[in-house]
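Trainee: the sequence and its predicted three-dimensional model are supplied below.
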Amino acid sequence: MSKPFVVGIDIGGTNTVFGIVDARGVVIASSSIKTAKHNNITDYIDELHTELTKLITENNAVDKIHGIGIGAPNANYFTGTIVDGVNLPWPTPIPLAQLVSEKFGIPVAITNDANAAAIGEMTYGAARGIRDFIMITLGTGVGSGIVINGNLVYGHDGFAGELGHVIMKRNNGRLCGCGRTGCLEAYCSATGVARTAREFLEIRNEPSLLRNIPVDEITSKDVYDAATAGDKLAKDVFDYTGDILGQALADFTTFSAPEAFILFGGLAKSGDLLMKPLRNSMEKNMLPIWKGKVKILLSELKEADAAVLGASALGWEAKTAEMTIVPPASASAVN
């Protein structure tokens, strides 16, 4: 392979993490810059170029980069642009793929962070060899990436797969950050778990370790810690969360018949507290033809490297900036 490396860049509202990755999914080196300190995209790309070039030079990777993959909020694979980027400090749309490609002279492809996670899992992780799966990211929000027959589903406009905003509670549902009510994200994200705990504390009179914490400061980690200590109310929060997520996965199965769901993020590490009610609920609500057939797997990407790995996997299929409007080929570009 004449160019044995790719670069992965994960752009968040606070930090941008980037790294050099080889074809086996090994992060050779990584670093970061502050996203939020830049008021305009030009200054941001200038610093990114300076720091990433330094990393490439230090690791003897000059002229050895096959492509750059970028994961970012509301990043569109088809157009190479960011539209309404959540928590980003710059006005949109931003022709990010073109700007970065022109700055580095390297092909660039971009997508949103959940899609990047799915591509990374298929290239380097738990989904290797699986051609039909759905990636669910359980973080501050709920993201998803849908893969059918080895191809990531982008839809006609590049924004397909917003399963975190499927409505689970049609009546009197919680307000979601997207502006709708009753979304999966409002219940099964880290923030959703904390909201459930606050609701349970308000409507139930039983003692709980969580009552030792100011109600507005409760986090999903607090709920997890209380549950592992045997707190019944906290355990019930996980039962409630797992039940809703299981219903959602059973419904998602009906439209793409995935071989597996792959879970990533902090909540996915809750063990049986979440997984037991989740599996029970999914099987209870599953259409009979799929009962017992759909696996629930945990991500195999290292947490510290996951964002970079997910974005870097897209770098193997990156084309020149002017080609980003071409519909994507199979995401499984590394054999």
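Mentor: The structure has been received and is ready for your questions.
Trainee: what mean pLDDT does stretch 167-174 have?
Mentor: The average pLDDT for stretch 167-174 rounds to 95.
Trainee: same deal with stretch 307-323?
Mentor: Averaged over stretch 307-323, pLDDT sits at 77.
Trainee: how distant is that stretch from the center of its chain?
Mentor: 16 Å (Cα atoms, centre = their mean, to the nearest Å).
Trainee: got the CA positions of stretch 220-231 in PDB?
Mentor: Output of stretch 220-231 as PDB, limited to C-alpha atoms (Å, rounded to 0.1, in the frame of the first residue of the first chain):
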ATOM      1  CA  SER A 220     -26.300   9.400  34.800                       C
ATOM      2  CA  LYS A 221     -23.000   8.500  36.500                       C
ATOM      3  CA  ASP A 222     -24.600   9.200  39.900                       C
ATOM      4  CA  VAL A 223     -27.600   7.000  38.900                       C
ATOM      5  CA  TYR A 224     -25.200   4.200  37.900                       C
ATOM      6  CA  ASP A 225     -23.200   4.500  41.100                       C
ATOM      7  CA  ALA A 226     -26.300   4.300  43.200                       C
ATOM      8  CA  ALA A 227     -27.700   1.300  41.300                       C
ATOM      9  CA  THR A 228     -24.400  -0.600  41.700                       C
ATOM     10  CA  ALA A 229     -24.700   0.100  45.400                       C
ATOM     11  CA  GLY A 230     -28.000  -1.600  45.500                       C
ATOM     12  CA  ASP A 231     -30.300   1.500  45.400                       C
END
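Trainee: please shift the residue numbers so they start at 13 in all later answers.
Mentor: With the count now opening at 13, the last piece we talked about shows up as stretch 232-243.
Trainee: now it: average pLDDT?
Mentor: 98.
Trainee: for that stretch, what is the distance to the chain centroid?
Mentor: The gap between where stretch 232-243 is centred and where its chain is centred comes out at 24 Å by Cα atoms, centre = their mean.
Trainee: and the contacts of that stretch?
Mentor: Here stretch 232-243 makes contact (Cβ atoms under 8 Å, 6 or more residues apart in numbering) with 202-203, 205-206, 209, 220-222, 225, 245-247, 249-250, 278-279, 282, 285. C-beta coordinates here come from the backbone N, C-alpha and C atoms, glycine included.
Trainee: swap in stretch 309-317?
Mentor: 31, 39, 42, 129, 132-133, 136-139, 272-276, 280-281, 318, 321-322.
Trainee: again with stretch 171-179
Mentor: Residues outside stretch 171-179 that contact it (Cβ under 8 Å, 6+ apart) are 86, 88, 126-127, 146, 148, 153-158, 165-167, 185, 188, 190, 192-197, 201, 260, 263-264.
Trainee: out of those, which are buried?
Mentor: 86, 88, 126-127, 146, 148, 153-158, 165-166, 188, 194-197, 201, 260, 263-264 (16 or more other Cβ atoms under 10 Å).
Trainee: so of the residues you listed, which ones are in helices?
Mentor: Using DSSP state H, the subset of the buried ones among the contacts of stretch 171-179 located in helices is 126, 127, 197, 260, 263, 264.
Trainee: give me the nearest residue to the second one, chain neighbours excluded.
Mentor: Read that as residue 127. residue 157 (4.4 Å; Cβ to Cβ, 6 or more residues apart in numbering).
Trainee: ok, the one you found to residue 91 distance?
Mentor: Per Cβ to Cβ, to the nearest Å, residue 157 is found 18 Å from residue 91.
Trainee: before we move on, what about residue 223?
Mentor: Per Cβ to Cβ, residue 223 is found 50 Å from residue 91.
Trainee: look at the two and report which has more neighbours.
Mentor: residue 91 (18 against 14; other Cβ atoms under 10 Å).
Trainee: tell me the centre residue of this protein?
Mentor: residue 126 (3.0 Å; Cα atoms, centre = their mean).
Trainee: ok, it - contacts?
Mentor: Under the criterion of Cβ under 8 Å, 6+ apart, the neighbours of residue 126 are 147, 149, 155, 156, 157, 173.
Trainee: quick check: the two most widely separated of those?
Mentor: 149 and 173 (10.9 Å; Cβ to Cβ).
Trainee: quick check: neighbours shared by these two?
Mentor: Contacts common to residue 149 and residue 173, judged by Cβ under 8 Å, 6+ apart, are 126, 156.
Trainee: more crowded one of these two?
Mentor: residue 149 (28 against 20).
Trainee: ok, what's across the strand from the more buried one?
Mentor: Beta bridges link residue 149 to residue 155, residue 276, judged by DSSP bridges.
Trainee: contacts only, for it.
Mentor: So residue 149 contacts 125, 126, 129, 155, 156, 276, 277 (Cβ under 8 Å, 6+ apart).
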